[in-house]
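J.: My questions concern the predicted model and sequence given below.
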Protein chains: 2
Amino acid sequence: MHPTVFLPMAAGYAPLVGHHRHLLDDEVRTRAFLDAIARVVKSGDTVADLGTGTGVLAIAARRAGARHVWAIDRDPIVQVAAAIARDNGIDGITFIEQHSRTVELPEPVDVIVSECFGPMAIGGSMIPAVIDLRDRFGKPGVRVVPGTVTLVVAPVEVPEMYEHVAAFTKPRFGLAWNAAHRLAINNVYNTVVSPEALIAPAHAMHTVDLLRDQWTGRIEGRATWRATRAGLVHGLGGWFEADLGGSVTLSTAPSAPATIWRQVVFPLPEPMRVERDTEITATLACIHGENFDWAGTIGARTFRCSTRYSHPAALTP
Amino acid sequence: MHPTVFLPMAAGYAPLVGHHRHLLDDEVRTRAFLDAIARVVKSGDTVADLGTGTGVLAIAARRAGARHVWAIDRDPIVQVAAAIARDNGIDGITFIEQHSRTVELPEPVDVIVSECFGPMAIGGSMIPAVIDLRDRFGKPGVRVVPGTVTLVVAPVEVPEMYEHVAAFTKPRFGLAWNAAHRLAINNVYNTVVSPEALIAPAHAMHTVDLLRDQWTGRIEGRATWRATRAGLVHGLGGWFEADLGGSVTLSTAPSAPATIWRQVVFPLPEPMRVERDTEITATLACIHGENFDWAGTIGARTFRCSTRYSHPAALTP
């Protein structure tokens, strides 16, 4: 589903023809948000759309009866959204090219709409931006699309993916690459996990409530599983389930229809064999939407990994 | 060849496990540079490696007999390179985490090595950085790997790729997307062009001489073709041929072995039919390594496109 065959070059309008078309092409994603907006937005509402992109959700809010929509994006893509609205004869939307943190809206809003999910939902800076806008401009009882997002994790057997992760354990060009391997295992991978890869049923580890939660910069969850079969644990598979509002849910589980988010894998430092009924525990933390820590136990053995790009602790042997 | 199946998340060590492994996995690319370095670098030389990445070219220069190598990269990946050199018992390389523009080397160098090619070779900021370092720290007669790079262009028939470009001409979600389409055609696409797609034999449009040229921020070439068959011109296909030095050449032509660079396509605003012998002319300009202009004639018709990300002229109807 990722537009890998025809990559627009970064020099051009990549945020449009690459990223935004990629988003729009995902019918599961886009239809779910359009359905939720049609149900949540009521006639006469004021609405903010954070990260409006091509404006498709802002236009949907206006079509659902919003009195006015404030469509915010820090990227010049918002100029495209304004042109699309104009070309389609849609009024009542103010397009604002600005970071939401510095936006001042002239009135409080009844609804905040935002497709704010990164891979594993919480990666990136969008969820804290929604919470910030909600606190500054949401009316009492503000509705948020999405309302909640739950992080779901399961131990997984993904040999093909792990072979890619472990490629630097082999010599190449007459050199040993151990230092590179340390970084490869201290990373998060966005890939497709099949339902058959699960070694135990998935557990919800944490729910972010966009209607009520404050943002501390740190999200942490923990879970315990018992292997339902013998196998080789290569890592923790992760995905999310979102309640978008209006009884519309969006699941990125391995068993759900494919979406742009696919699934993620947090690899182990080395694969670990389990028998049926072996206990597996893990904690997963996300810091400032950028860095992840994952650690735990598999039977009597422990594992611990983290991503820190600018402070590559993994470089220290 | 692009690692699309297993995408490391941007939050983690993407520059290593994504980009740099992607580079190393390209044997055509890496072997060509290693071969050229083995032939160009002489015993006792001092060498600068600009954009050293994982350090594989710097290590090759040292193995070829360099007295000392200055390996420069502005990315923390250079710390990985230093660890790899240390793990492999390779001395004589100073790893510098700094932008090359501000680097001060303690002595002039005999050789500059740099895998400085973007798609279509000249995209990005690496080639001007090599020229800057050459002017500031190259000994008289400095050797540069690569020595020259030639931009090659041909009119191409690429219906599948053009269908992707033109996707925004169709309504979706009850909206017309003309404004998005204007940006889609004013972009450059990195894709695979088959040898059969060429409507006329390719022409060299411009050669950058890394040993002698100054950098003006603007590179421009022009060419005239005569169609060798009837067909539908969807755009200009582009690639490069580099003389790396020591009689080693690297071609990214459609007929050459596949590389990470693939080919690029500069689309036309709309496909244009040609008969055998129709004359086609084009100019191609690259400004500051970021923006491209392409324009020309196909028989009596003209075309003109450009990429300008921060100043989206294409947005003005």
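T.: The structure has been received and is ready for your questions. Numbers count the residues shown, from 1 in each chain, chains lettered A, B, ... in the order given.

J.: Is there contact, residue-wise, from stretch A:246-264 to chain B?
T.: Yes: Stretch A:246-264 comes into contact with chain B (CB under 8 Å from any CB of the partner chain), by way of A:Val264. C-beta here means a position set from N, CA and C on the backbone, and glycine is covered the same way.

J.: What residues sit buried inside that stretch?
T.: Judged by neighbour count (16 or more other CB atoms under 10 Å in any protein chain shown), stretch A:246-264 contains these buried residues: A:Val248, A:Leu250, A:Ser251, A:Thr252, A:Ala253, A:Pro254, A:Thr259, A:Ile260, A:Trp261, A:Arg262, A:Gln263, A:Val264.

J.: Closest one of the residues you listed to chain B?
T.: The shortest approach to chain B among the buried residues of stretch A:246-264 belongs to A:Val264, at 6.8 Å (CB to the nearest CB).

J.: one step back: taking the buried residues of stretch A:246-264, tell me the two that lie furthest apart.
T.: A:Val248 and A:Val264 (23.1 Å; CB to CB).

J.: Let me see the ranges of the strands in the stretch 101-250 of chain A.
T.: For the stretch 101-250 of chain A, strands defined by DSSP state E, counting those that start in this stretch occupy the ranges A:109-113, A:138-145, A:148-156, A:189-191, A:203-209, A:218-226, A:231-245, A:248-251.

J.: Just the buried positions in the third one, please.
T.: Buried residues in strand A:148-156, defined by neighbour count with 16+ other CB under 10 Å: A:Thr148, A:Val149, A:Thr150, A:Leu151, A:Val152, A:Val153, A:Ala154, A:Pro155, A:Val156.

J.: Residues in a beta bridge with A:Cys305, which ones?
T.: Per DSSP bridges, the residues bridged to A:Cys305 are A:Trp294.

J.: ok, it - how many residues close by?
T.: Around A:Cys305 there are 22 other residues, counting by other CB atoms under 10 Å in any protein chain shown.

J.: Might you report the residue contacts of it?
T.: Going by CB atoms under 8 Å, 6 or more residues apart in numbering or on different chains, A:Cys305 touches A:Ile185, A:Asn186, A:Phe266, A:Pro267, A:Leu268, A:Pro269, A:Asp293, A:Trp294, A:Ala295.

J.: can I get the buried residues of stretch A:246-264 in TSV with secondary structure?
T.: Converted to TSV, those look like this (DSSP: H, G, I helix; E, B strand; the rest coil):
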residue	secondary structure
A:Val248	strand
A:Leu250	strand
A:Ser251	strand
A:Thr252	coil
A:Ala253	coil
A:Pro254	coil
A:Thr259	coil
A:Ile260	coil
A:Trp261	coil
A:Arg262	coil
A:Gln263	strand
A:Val264	strand
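
J.: Tell me the one among the residues you listed nearest to A:Leu198.
T.: Nearest member of the buried residues of stretch A:246-264 to A:Leu198, counting by CB to CB, is A:Pro254, at 7.1 Å.

J.: what residues are up against that closest one?
T.: Each residue near A:Pro254 by CB under 8 Å, 6+ apart is listed here: A:Val192, A:Val193, A:Ser194, A:Pro195, A:Ala197, A:Leu198, A:Gly237, A:Trp239, A:Gln263.

J.: If we ignore the residues flanking it in sequence, what's nearest A:Ala81?
T.: A:Gly55 (2.9 Å; CB to CB, 6 or more residues apart in numbering or on different chains).

J.: need the contact list for that neighbour.
T.: By CB under 8 Å, 6+ apart, the contact set of A:Gly55 is A:Asp49, A:Ala71, A:Val78, A:Val80, A:Ala81, A:Ala82, A:Ile84, A:Ala85, A:Ile93, A:Phe95.

J.: In strands only, show me the residues you listed.
T.: If you go by DSSP state E, the contacts of A:Gly55 have A:Asp49, A:Ala71, A:Ile93, A:Phe95 in strands.

J.: Report the contact partners of the last one.
T.: Put plainly, it is A:Phe95. Contacts of A:Phe95 were listed using CB under 8 Å, 6+ apart, and they are A:Thr52, A:Gly55, A:Ala58, A:Ala71, A:Asp73, A:Val78, A:Gln79, A:Ala81, A:Ala82, A:Ala85.

J.: Beta-bridge partners for it, please?
T.: Residues in a beta bridge with A:Phe95, per DSSP bridges, are A:Ala71.

J.: before we move on, back to that, dump the strands of the stretch 101-250 of chain A to a markdown table, plus mean pLDDT.
T.: Output for the strands of the stretch 101-250 of chain A, formatted as a markdown table (pLDDT from 0 to 100):
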| stretch | mean pLDDT |
| --- | --- |
| strand A:109-113 | 98 |
| strand A:138-145 | 98 |
| strand A:148-156 | 98 |
| strand A:189-191 | 87 |
| strand A:203-209 | 97 |
| strand A:218-226 | 96 |
| strand A:231-245 | 98 |
| strand A:248-251 | 98 |
